[in-house]
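>>> here you go, sequence then predicted model.
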Amino acid sequence: MTDNIADGATHRATDAKTVSEGRTSFRRLFAQFGTFAIFVLLVLLASTQSDVFLSERNIMNVLRQMSGIGIMAIGMLFVVLTRGIDLSVGSIAALGAVASALLIQQYPLLVAIGMVVALGAMCGAISGFLVAFLRLPAFVITLAMMTAARGFALILSNGQPIMPGADGAPLSAFGTSFTLGFPNPALLMFALFAVAFLVLNFSRFGRVVKAIGSNEEAVRLSGISVSWHVMAVYVISGALASIAGILVTARSGVGSAQVGVAAELDVIAAVVIGGASLMGGRGGVINTFIGVMILGVIGNIMNLAGVPGYHQQVYLGVIIVAAVVMQHGTSFLRR
Amino acid sequence: MALVELENITKSFSGIHALSSVNFALEAGEVHALVGENGAGKSTLMRVLGGEMRPDQGTVSINDEPVRLTGPIDAIRRGISIIHQEMALAPDLSVAENIFLGELPARIGWGDLRRKARALINRLGFDIPPGALVSELSVAHQQVVEIAKALSRDARVIVFDEPTAVLSMGDAQRLLEIIRNLRSQGVGIVYISHRLDEIFDISDRISVLKDGRNVDLVRPDDTTVDGLIGMMVGRPLSQLFGEKPDTEIGDVVLKVNGLDLPNGVAGVSLELRKGEVVGLGGLVGSGRTEVARAIFGADPIKAGAIELHGKPYRPRSPKDAVRHGINLVPEDRKGQGIVLDMAIGKNMTMANTSDVTAFGFFNARRERKIVDGLIQSLRVKLDHPSDPVSSLSGGNQQKIVLAKWFHSNGDIVILDEPTRGVDVGAKTEIYSLIHRMAAEGKAVLIISSEHAELFGLCDRVLVMGEGRLRGELLPDRYSEENLLTLSIAGRSQEEQEAAA
């Protein structure tokens, strides 16, 4: 009798396993390549609409335009993986833009950049501490940081664009020139994505960050400090946002507190289009990169097709929803 | 005429009978108690009555008329209300809103609603302001609101599932008063409790369930507490537990002295020795899990001293505890033990990455080797270690949690309900793993609601009741009767006999 029950149970477990695996592999396939498929479709569509689209110059343009959003999206991905959100990236970028234009006038280039990145990291550390250790909601805390950091940038710049003049020349030289045919900001973005890929997939830190988003309590009860890891992702996000700000100053030669207004929305959109779940635990670096590119290509096509700016915003909204439905739609239907 | 009658109810889950041809009848104006061990089928039977679960066979009749309950709402409409152990109130709504939740009119007349709510609460002999928020009320008052909610729906049958488990003595007495009051108003009451003194105090009839079957139906005057416990227990120990290896029990490794916790656990002292398997028994809610979590640093400690290998130890976090060699297999496997979406192998190495990482990065080959070793050693049945843990059966998922701690290799292992929801085959394997841990010289503390499991595995069993350590059972005194009496009454069976 006992044996029968045991046997039955084992068989059922095996059956359940095959079923769920079939489903998992299908989902996995879609999660992995769904974003890429959307990207390919968009590129094909765009190339039929415009001859300019596939020109080297246009491609490089898109890459350079998206480098700031892309760098911020890396930080956002880490935050979102822990089930958090960082609304302050656009403002921290503005702070970075202003601070770099100011500091570069007094310090050597690398020292100034180091100080600006540290400033961004500190903003992230403040949000991160409040979220991770005091358990305050990330949405509210980073909303507060969004206001405060922008205000700080306005104070520093006195509301005026900062022109570093001759002191800014080396930074501008970096921001506007090309290496191996690629714009430098885009190369920096590639490099940061590569590092993020290694960290997220092969490091202990990356694995813990992903696990926290799936089951924070299990991570804590495995003897891992959840709080330090959560705080760290906000530090990373803040530091990367300030780098994005430095790039704007580098490209334009001016440090303005108006940089990156509403950029956090583009950044979140890119991460979500890349298939990351705002419920945490799910998302990848490569897909986030493709998400950033999709966002860039959509804007680019509409510009090339001469769609007026206000209309573009409406279409963008629709396209984001469509992309996310394609990503998650099948699993919604299943439930 | 029976108010409700359950006839020949059979219900099985994945081939195992939770209920086999169970009969249960309730008259108007009667308190009918339902007793049995954990897993005897009480809750399942009540879920059938409450429309939450449809029986495989058997009929449910209300007022002698067979009905098919389509769901909880249907049952409520037919006058059956269940007051669950975990209350189903909305904490941020007022008392009145909670009472009438689900039948609030489109246009709410607040004055009218509050008057009605007050009337219902008064009918129960209480005076709770209807405008107060539920979250501001004591647990006892929250229960009153639950009962008022049932009355507002004209409940003629009210099921109380362990209502006094969360109440103080005084509040429990008042609750019993309410129940007597309801009975005199003609309400039929099903009363489930582990506190047998209450059962004798209040019930008109007592149904005893064991392993999903009716054992007996008695009147309280015709039996005694001992007689009732005798009916509830007495399952022979099977060969399930395997041979206990001959391990030498060594020095004390963990010593807890006068542990007080903010959640009601008080004055708990215990010792664990090297190579020893110690059980922590008692009813659900007696504070066993709380003690385990406090030793593991998962919850704060109010007072008391812990010594680890003779040195003072005050765990600040689970991280701290793991560093000191204390491991915990938590009771809620899916919520606390594993990361379901993460790969099996990654879950296994999560608690100890020191030998699979260098400079913070994983060495894939080394990790794979260790994971393969653990899979073999624990006989986990899986397709590939990169599959998510969610693809495994419950028993194999539990083995992943055990594997995680095997790899972490602490010298004190606490297992909280290690075989809950695990099939028989995996159970036996988990038991042999526990033996192995002891043989390797670890000190093992097992919490289990399956008392037979404690007796089959442990060198001695500590018994808790209401947040206190009530006593210790050695193998020569292992019996469920002894354990239950110790937990409930604070005295063992023999002590009671000696006193009598």
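That came in fine, so what should we check first? Residues are numbered from 1 along each chain as shown, chains lettered A, B, ... in the order given.
>>> for chain A, what are the low-confidence residue spans?
A:1-32, A:327-335 (pLDDT under 70).
>>> how much space between the spatially most central residue of it and A:Val267?
By C-alpha atoms, centre = their mean, chain A has its centre lying nearest to A:Ala73, at 1.0 Å. For A:Ala73, the distance to A:Val267 (C-beta to C-beta, to the nearest Å) stands at 5 Å. Using the backbone N, CA and C atoms, a C-beta is placed for each residue, glycine as well.
>>> repeat for A:Asp167
From A:Asp167 to A:Val267 the distance is 30 Å (C-beta to C-beta).
>>> contact partners for the nearest residue to B:Leu6 once chain neighbours are set aside?
Closest residue in space to B:Leu6, ignoring its immediate chain neighbours: B:Phe24 at 4.4 Å, by C-beta to C-beta, 6 or more residues apart in numbering or on different chains. Applying C-beta atoms under 8 Å, 6 or more residues apart in numbering or on different chains, we find B:Phe24 in contact with B:5-6, B:9, B:32, B:34, B:45, B:49, B:207, B:214.
>>> in this structure B:Phe241 contacts B:Ile430, no?
No: between B:Phe241 and B:Ile430 there is no contact under C-beta atoms under 8 Å: 10.5 Å.
>>> so the closest residue to A:Asn184 other than its chain neighbours versus chain B, what's the distance?
Nearest in space to A:Asn184, with sequence neighbours left out and distances taken as C-beta to C-beta, 6+ apart, is A:Phe174 at 5.4 Å. Going from A:Phe174 to chain B by C-beta to the nearest C-beta, to the nearest Å gives 30 Å.
>>> neighbours around A:Phe174, how many?
Using other C-beta atoms under 10 Å in any protein chain shown, A:Phe174 is surrounded by 18 other residues.
>>> which parts of the helix or strand it falls within are buried?
Per DSSP states H and E: A:Phe174 is located in helix A:169-176. Neighbour counts over helix A:169-176 (16 or more other C-beta atoms under 10 Å in any protein chain shown) mark A:171-172, A:174-175 as buried.
>>> tell me the one of those residues nearest B:Gly58?
Set against B:Gly58, the nearest of the buried residues of helix A:169-176 by C-beta to C-beta is A:Gly175 (77.7 Å).
>>> please name the nearest non-neighbouring residue to that closest one.
Closest residue to A:Gly175 apart from its sequence neighbours, by C-beta to C-beta, 6+ apart: A:Ala250 at 2.6 Å.
>>> which residues touch the one you found?
Here A:Ala250 is in contact with A:100, A:171-172, A:174-176, A:185 (criterion: C-beta under 8 Å, 6+ apart).
>>> could you verify that it is part of a helix?
Yes: under DSSP: H, G, I helix; E, B strand; the rest coil, A:Ala250 sits within a helix.
>>> do you know how far it is from A:Gly280?
With C-beta to C-beta as the criterion, A:Ala250 and A:Gly280 are 34 Å apart.
>>> now B:Thr349
Separation of B:Thr349 from A:Gly280 (C-beta to C-beta) stands at 21 Å.
>>> low-confidence ranges in the stretch 101-250 of chain B?
Ranges of the stretch 101-250 of chain B meeting pLDDT under 70: B:104-106, B:165-166, B:168-169, B:233-240.
>>> as a check, name the ranges of all helices in it.
B:110-123, B:139-152, B:169-184, B:196-202, B:225-232 (DSSP state H, counting those that start in this stretch).
>>> just the stretch 151-300 of chain A next, same as before
Assigned by DSSP H, counting those that start in this stretch, the helices in the stretch 151-300 of chain A fall at A:169-176, A:184-202, A:204-214, A:216-220, A:226-252, A:263-273, A:285-304.
>>> A:Ser214 reaches A:Ser277, doesn't it?
No: the criterion here is C-beta under 8 Å, and A:Ser214 misses it with A:Ser277 at 9.8 Å.
>>> of the two, who's got more company?
Neighbours of A:Ser214 and A:Ser277, each counted by other C-beta under 10 Å, are more numerous for A:Ser214; the result is 22 against 19.
>>> nearest spatial neighbour of that one, skipping sequence neighbours?
That would be A:Gly281: by C-beta to C-beta, 6+ apart, it lies 3.5 Å from A:Ser214.
>>> how about B:Gly212?
B:Gly41 (4.1 Å).
>>> tell me the spacing between that neighbour and chain A.
16 Å.
>>> who's in contact with that residue?
B:Gly41 makes contacts with B:18-19, B:22, B:209, B:211-213, as judged by C-beta under 8 Å, 6+ apart.
>>> highest neighbour count among these?
Result: B:Leu19 is most packed of the contacts of B:Gly41 (other C-beta under 10 Å), 29 neighbours.
>>> doesn't that one fall inside a strand?
Yes: judged by three-state DSSP, B:Leu19 forms part of a strand.
>>> which strand residues bridge it?
Note on B:Leu19: beta-bridge partners by DSSP bridges are B:Lys11.
>>> just checking, it touches B:Phe13?
No: if you go by C-beta under 8 Å, B:Leu19 and B:Phe13 don't touch, sitting 9.9 Å apart.
>>> hang on, B:Pro66 in a helix?
No: B:Pro66: not assigned to a helix; according to three-state DSSP it is strand.
>>> much appreciated, bye for now.
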